[in-house]
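Q: Sequence first, then the predicted structure:
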Amino acid sequence: MKNSLKVERAKLGYTQQVLATKVQVSRQTINAIEKGDYNLSLILALKIAATFKCQTEDIFELEFDDWE
Amino acid sequence: MKTKFLFPYQFKKVGILFFVPSIVLVIDLLINSREPNFLNLSVFAMVDIPFMQDTTTFGWVVNNVYNEIVGLGLLVGLLFIAFSRLRTEDEYIVQIRLESLLWACYMNFFILFIAIVFVFDLAFLYVLYLNMFSILVFFIAKFYWTIYKTNKQVDEE
């Protein structure tokens, strides 16, 4: 799954730690999501979208491999 | 998903306090087979099958409880270290914990497989002693190593 988390963070000037605090996870989790090492839960995706005041589809995008 | 059935964070230190003396005593017991005489006690046994003697089921027997005390100390120590919460618990940590547990199971039973094929007689009994605890050891090693690597990655960025 692709994501534009880093871009959205940069738009608002959030560090990984700031975003992590806002969505109640650790900085390691945000880092892992950005690197594509971790597929986050629906709840966390919705929290992140709510924090950036956009839709989840604006941040997260399915890739061909996700359908396997 | 919220994590269930984990000990509070502080229990990790308690676990280390149990583990360190227990592992020293276990190693001493395996090498020297010394048991203090004052620990020969009358204990309730669900089953007792002493060598070349009558079996006792649900009765009282005289047994030296030194190895039981040491074994319980080791078990409690490892359980507390393995299943204490981290300071920050979230879904990513839950996944790491689950993957580490799976890896530990595979590693534990792979070692047992090798031991069944290549280790015999009394030596295999020692393998079984270690096998009681090895899954926890593998889990602790894998889990905390993964957490360490993850933290190091974050610190480097």
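A: Arrived safely, thanks for sending.
Q: element containing the residue most central in space within chain B?
A: Taking Cα atoms, centre = their mean, the centroid of chain B lies closest to B:Phe133, which sits 3.2 Å from it. Assigned by DSSP states H and E, B:Phe133 belongs to helix B:121-156.
Q: for that helix, packing partners?
A: The contact analysis (3 or more Cβ pairs under 8 Å, 6 or more residues apart in numbering or on different chains; DSSP states H and E) places helix B:121-156 against helix A:27-35, helix B:66-82, helix B:91-118. In short, each C-beta sits where N, CA and C put it, glycine included.
Q: now that helix: mean pLDDT?
A: Averaged across helix B:121-156, the pLDDT comes to 91.
Q: Name the residues of that helix that are buried.
A: By neighbour count on 16 or more other Cβ atoms under 10 Å in any protein chain shown, the buried set for helix B:121-156 is B:127, B:133-140, B:142-144, B:146-147, B:150, B:154.
Q: same question, stretch A:47-67
A: Residues of stretch A:47-67 classed as buried by neighbour count (16+ other Cβ under 10 Å): A:47-49, A:51-52, A:56, A:59-60.
Q: Same question for stretch B:88-103.
A: Within stretch B:88-103, the residues scored as buried using 16+ other Cβ under 10 Å are B:89-97, B:100-101, B:103.
Q: ok, the residues you listed vs A:Ala20, which is closest?
A: Nearest to A:Ala20 out of the buried residues of stretch B:88-103 is B:Asp90 (Cβ to Cβ; 8.7 Å).
Q: doesn't A:Gln24 make contact with the closest one?
A: Yes. Counting by Cβ atoms under 8 Å, B:Asp90 touches A:Gln24, with 7.4 Å between them.
Q: who touches both of the two?
A: With Cβ atoms under 8 Å, 6 or more residues apart in numbering or on different chains applied, the contact sets of B:Asp90 and A:Gln24 do not overlap.
Q: Check the burial of B:Phe44 by counting its neighbours.
A: By other Cβ atoms under 10 Å in any protein chain shown, 11 other residues sit near B:Phe44.
Q: tell me the angle the host helix or strand of it makes with helix B:66-82.
A: Element membership of B:Phe44, judged by DSSP H and E, is strand B:40-48. Interaxial angle of strand B:40-48 relative to helix B:66-82 (axes from the mean of the first three to the mean of the last three Cα atoms, to 10 degrees): 70 degrees.
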